[in-house]
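> what's the 3D shape of this:
(one chain, ligands or ions: 1)
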Amino acid sequence: MKKIGVLTSGGDAPGMNAVVRAVVRKAIYHDVEVYGIYGGYAGLVSGNIQQLNLGSVGDIIHRGGTMLLSARLPEFKEEEVQLQAVEQLKKAGIEGLVVIGGDGSYRGAKALTAHGIPCIGVPGTIDNDISGTQFTIGFDTALNTVIDAIDKIRDTATSHERTFIIEVMGRDAGDLALWAGLAGGAETIIIPEENYDIHEICDRLKKGQERGKKHSIIIVAEGVASGTEIGKQIKEIGGMDTRVSILGHIQRGGSPSAYDRVLASRLGARAVELLLENRGGRAVGILNNVVVDSDITKVLAESHIIDLDLLRLSKQLSI
Ligand code: F6P
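This is a model prediction of the structure:
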């Protein structure tokens, strides 16, 4: 393989730039030309492709977002659109592709591989919802952003003796809410992977108040319900005055953490190796601090497993 491409797709995540840098530098190290595809699959279909050199990826390892831009393209499910992408790649002489993103991006990579363009998936999303890896690139940075927000909200919650509901991103997954809740000392964590009982939550809050606890933090994953809805329920059922904070897209930005930069560098470099070994249709990941790769079809078929022991631990520590 002498020419490869790289694209970022779906919701951006801190550390995507560090992956692009690793892909470009690793490929050039092996005398392989690298082409950046700008604007995800939409840019691929329209042929927005430019060669990248060592300097193109200078000064980006510490930057959030993605220098290659990103987009969501639901139409990429259609074979006709996929074949347009294949045409563009063939026209540019690109023989293999590194796709950085979440499960939607992986589905595109799987389809292109089936059409004869070997692709490697690199997990880049703050949601940590991809199978085949314990951690996705961007999760650690987003987690630290959420914890910073929880710490600040706790200050004002303490001063005013209030109950706060903090809504956290994660799409259908509860990882971000769970890890942030545990690390931020939240009294209650509500995630899609475990049923919740609003009456039980209100009882816990009341018991805490009776013991002299003046404020509480409840973390709710967006995949369960909106923070506003949970706040309303707590007010109606428990009679508590609540305040709601929806963290939103602030969770997607910012300079990647050291962990995300290292993970991005390791997985980006491994993705290039797999292409050079002619092993398209794989997705890279990290398992017990070892870089691994799995069949992308299998990764897409399996669900990421959340560690519910963390939820149990959080319940024990926040009594
Ligand atoms: O997948 C990343 C993510 O930030 C999710 O947590 C969230 O549900 C979604 O993307 C938001 O997407 P958009 O930026 O397109 O509104």
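> residues in contact with Thr145?
Thr145 is in contact with Leu247, Ile250, Gln251, Gly253, Gly254, counting by CB atoms under 8 Å, 6 or more residues apart in numbering. Every C-beta, even on glycine, is put in place using the N, C-alpha and C of the backbone.
> put the buried members of these into a PyMOL selection.
Once 16 or more other CB atoms under 10 Å is used to decide burial, the buried members of the contacts of Thr145 can be selected in PyMOL as follows:
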select buried, resi 247+251+254
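> so which of the contacts of Thr145 sit within helices?
Using DSSP state H, no member of the contacts of Thr145 falls in helices.
> Ala109 belongs to a strand, doesn't it?
No: Ala109: not assigned to a strand; according to DSSP: H, G, I helix; E, B strand; the rest coil it is helix.
> tell me which of the contacts of Thr145 is nearest to Gly181?
Taking CB to CB as the measure, Gly181 lies nearest Leu247 of those, at 12.7 Å.
> tell me how many other residues surround the residue in the stretch 101-250 of the chain that the ligand sits nearest to.
Per CB to the nearest ligand atom, Met169 is where the stretch 101-250 of the chain lies closest to the ligand, at 3.4 Å. Using other CB atoms under 10 Å, Met169 is surrounded by 23 other residues.
> give me the spatial nearest neighbour of it, chain neighbours excluded.
Spatial nearest neighbour of Met169, excluding adjacent residues (CB to CB, 6 or more residues apart in numbering): Gln251 at 5.0 Å.
> verify the contact between the one you found and Glu167 for me.
No: assessed by CB atoms under 8 Å, Gln251 is found out of contact with Glu167, at 10.3 Å.
> residues from the stretch 51-200 of the chain in reach of the ligand?
By CB under 6 Å from any ligand atom, the residues of the stretch 51-200 of the chain that approach the ligand are Gly102, Thr125, Ile126, Asp127, Met169, Gly170, Arg171.
> residue contacts, the first one?
Put plainly, it is Gly102. Counting by CB under 8 Å, 6+ apart, Gly102 makes contact with Gly10, Gly11, Pro123, Gly124, Thr125, Asp127, Asp129, Ile130, Thr136.
> 7 Å instead, please
Listed by CB atoms under 7 Å, 6 or more residues apart in numbering, the contact partners of Gly102 are Gly10, Gly11, Thr125, Asp127, Ile130.
> residues near the third one, how many?
Put plainly, it is Thr125. Thr125: 28 surrounding residues under other CB under 10 Å.
> related to what we said a few turns ago, isn't the residue of the stretch 101-250 of the chain closest to the ligand up against Ala221?
No: if you go by CB atoms under 7 Å, Met169 and Ala221 don't touch, sitting 8.1 Å apart.
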